[in-house]
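**Q** coords please:
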Amino acid sequence: GEKVATVSFYGFYSKPNIQFFEKDLELKPVNVNKMIKVNSKIMDDIIHKTLDFIKDAWQSYSEKVDEVVVAFSGGKDSTVLLDLVQRILPPDEFIVIFNDTGMELSLTYDFIEKIKQKYSNLRFFTAKYDKPAIQMWEIVGVPSRVHRWCCTLFKTAPTIKLIKQISKKSNPKVLL
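**A** Take a look at the predicted model:
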């Protein structure tokens, strides 16, 4: 919780300028089991509030939508979300969609397969754009902070297309 250094004036081809406020610092290993024990009440409260939120959202919208979807990237946040949702919702009440941009690391694909095995009772789908990223970069240009086309093309559009196919509706209502 204390500021020990600041980094400034760094670029892609230059070393960062680091200003230290504290000298001779060392990293000390954390006792993970103790940390979990000390924070268990806080974590339990957060988990239960989140489970209540998921349940309330599902009860409020499940009758009004065509599909309930968990977007799953294979990252830590979507993994936690998937675990929480599957604790509350019956497995036949939602689907899980992974967006395969073709740019994921092999470890991501391996992890997704492990998750599919762990939650084998869930319905997993993969949304994917029909052209590889490198081909689209040649056509549209490399995505950047200013030239933002990548998520729309490789995530949003394939997800919408897949949900339309699954729901068999041209304009499905979705709780995502």
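
**Q** contacts for the helix or strand residue 138 falls within next, please.
**A** Secondary structure assignment for residue 138, by DSSP states H and E: helix 133-140. With CB atoms under 8 Å, 6 or more residues apart in numbering as the test, helix 133-140 has contacts from 101, 102, 103, 129, 143, 149, 150, 153, 154. All C-beta atoms are positioned from the backbone trio N, CA, C, and that covers glycine.

**Q** and it, how far out from the chain middle?
**A** 24 Å (CA atoms, centre = their mean, to the nearest Å).

**Q** flag every buried residue along it.
**A** Neighbour counts over helix 133-140 (16 or more other CB atoms under 10 Å) mark 133, 136 as buried.

**Q** pLDDT (mean, whole number) over the helix ranked longest in the chain?
**A** Selection of the longest helix in the chain by residue count, based on DSSP state H, yields helix 32-61. Per-region confidence: helix 32-61 scores 96 on mean pLDDT.

**Q** can you tell me the SS state at residue 148?
**A** coil (DSSP: H, G, I helix; E, B strand; the rest coil).
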